[in-house]
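Trainee: Give me a 3D structure for the following:
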Amino acid sequence: MESFLFKQFNVEQDKCAMKIGTDGVLLGAWASLQHNPFSILDIGTGTGVIALMLAQRSNAELIDALEIDEDAYEQAVDNFENSDWGDRLFCYHAAFDEFVEEMQEEGMEEEEKYELIISNPPFYSADYSSGDAKRDQARFAEALPFDELLEGVSLLLSKRGIFSVIIPYAEEEKFRYLAADHGLFPQRITHVKGTPDSPVKRSLLEMSFLEGKPEVDELVIETARHQYTPEYIDLVKDFYLKM
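Mentor: Numbering: from 1, shown residues only. Coordinates of the predicted model:
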C-alpha cells in the first residue's frame, strides 16, 4: 500500500493515478487563510491532500471536496475518515459542472457560498508533456477546462471569498484573461522556480472579485538537489516530516 506520511496525517494513494506532488503541497501550504474562512471547497481533490492540509491549518467548519474519478474519490473518503478532522471533511463524487448545476438548482444563497475555493486542476496544454504518454492521455481526458473552472468558481464563491489555484506559468496570461471575464482578479501571485537558474514553472494565484494591483513574488524550491531554500522550508515545514 502506497502511503505518504505527513506530520499530522497520513495519505494513502495506491488507488490514485495522480500521486501527491509538489504542486498540491505548495498550494495547500501557500493558500491564504487570513480571512478565516468558515467554508472551503477543494475542486479535484485526488487523494484529499489539499483538503487535509487546510483542515490542519484552519478552523473552517465545512471543508467540501470534489472528485470525479471513483477510485480517487473512495481513497479521499478513507483518508478523510482516518484523519483527526473527519467531522469537518466531506467528499462528493461528481464532476465540477454537475456540482455547480446542482448548487444552482438548489438556489444557493450568498451565505451558503464558499469563502475559500481551492484547486490544483488537472491541466493539459499543447506544450505540456510528462514524458509518459499514458499519463498525459489520462490528464488530457480528465482536464478541467479553465473557462469551465472559472465560471463555476464565480458562481460558488462568496462576494468576499478567495480562490486559490496553481497552474503552469505558460498558462497564466490566458488564465487571468479568462478570469477577468468572470469578474475574478489576482490579489497575490507567486512564481515558482525549481532552482535559481531554472525558468519559472508554476504560478500560484490568489483571486477575488476585487480589482487591484496584485502582490507578485517568486519562490525558489532548491539551490541544489535536496538543498531546499529557507523560503520553501518555511512554507512546508508544518507538513513534511523531514523539514
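Trainee: Where does the prediction get shaky in this structure?
Mentor: Where the chain drops to pLDDT under 70, the residues are 1, 123-143.
Trainee: please redo it, this time with the cut-off set to 90
Mentor: Counting by pLDDT under 90, the chain has low-confidence residues at 1-6, 9-21, 69, 107-108, 121-145, 225-226, 241-243.
Trainee: where exactly do the strands run in it?
Mentor: Chain-ordered strands for the chain, with DSSP state E as the definition, fall at 3-5, 10-12, 39-43, 62-67, 89-93, 114-119, 157-168, 185-193, 200-208, 215-220, 222-224, 227-228.
Trainee: buried set for stretch 160-172?
Mentor: Using 16 or more other CB atoms under 10 Å as the test for burial, stretch 160-172 gives 161-168, 170-172. C-beta coordinates here come from the backbone N, C-alpha and C atoms, glycine included.
Trainee: before we move on, what about stretch 197-216?
Mentor: 200, 202-209.
Trainee: Farthest-apart pair in the residues you listed, please.
Mentor: Pairwise distances across these (CB to CB) peak at 26.5 Å, for the pair Val200 and Phe209.
Trainee: What segments of this structure are helices?
Mentor: Listed in chain order, the helices of the chain (DSSP state H) span residues 22-30, 49-57, 70-81, 96-105, 133-142, 146-156, 172-181, 230-236.
Trainee: Now do the fourth one: everything it contacts.
Mentor: Just to be clear, that refers to helix 96-105. 43-44, 66, 68, 92, 94, 144, 148-149, 151-152, 155-156 (CB atoms under 8 Å, 6 or more residues apart in numbering).
Trainee: Against Glu171, how distant is Asn152?
Mentor: If you look again at residue 152, you'll see it is Gly, not Asn. Distance, Gly152 to Glu171, using CB to CB, to the nearest Å: 18 Å.
Trainee: What of Asn82?
Mentor: Applying CB to CB, the value for Asn82 to Glu171 is 34 Å.
Trainee: Also Glu206?
Mentor: According to CB to CB, Glu206 and Glu171 sit 16 Å apart.
Trainee: With Arg160 instead?
Mentor: 27 Å.
Trainee: which residues sit in contact with Lys159?
Mentor: 110, 113, 209.
Trainee: that older thread, if we take the contacts of helix 96-105, which one ends up nearest to Gln13?
Mentor: Lowest distance from Gln13 to these (CB to CB) belongs to Gly44, with 14.6 Å.
Trainee: Could you check how many residues crowd around that closest one?
Mentor: Using other CB atoms under 10 Å, Gly44 has 24 neighbouring residues.
Trainee: returning to that earlier point: would you list the strands of the chain in a markdown table and tack on distance to Met243?
Mentor: Formatted as a markdown table, the strands of the chain follow (distance: least, CB to CB, whole Å):
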| stretch | distance to Met243 |
| --- | --- |
| strand 3-5 | 13 |
| strand 10-12 | 16 |
| strand 39-43 | 23 |
| strand 62-67 | 24 |
| strand 89-93 | 24 |
| strand 114-119 | 21 |
| strand 157-168 | 19 |
| strand 185-193 | 17 |
| strand 200-208 | 19 |
| strand 215-220 | 15 |
| strand 222-224 | 13 |
| strand 227-228 | 7 |
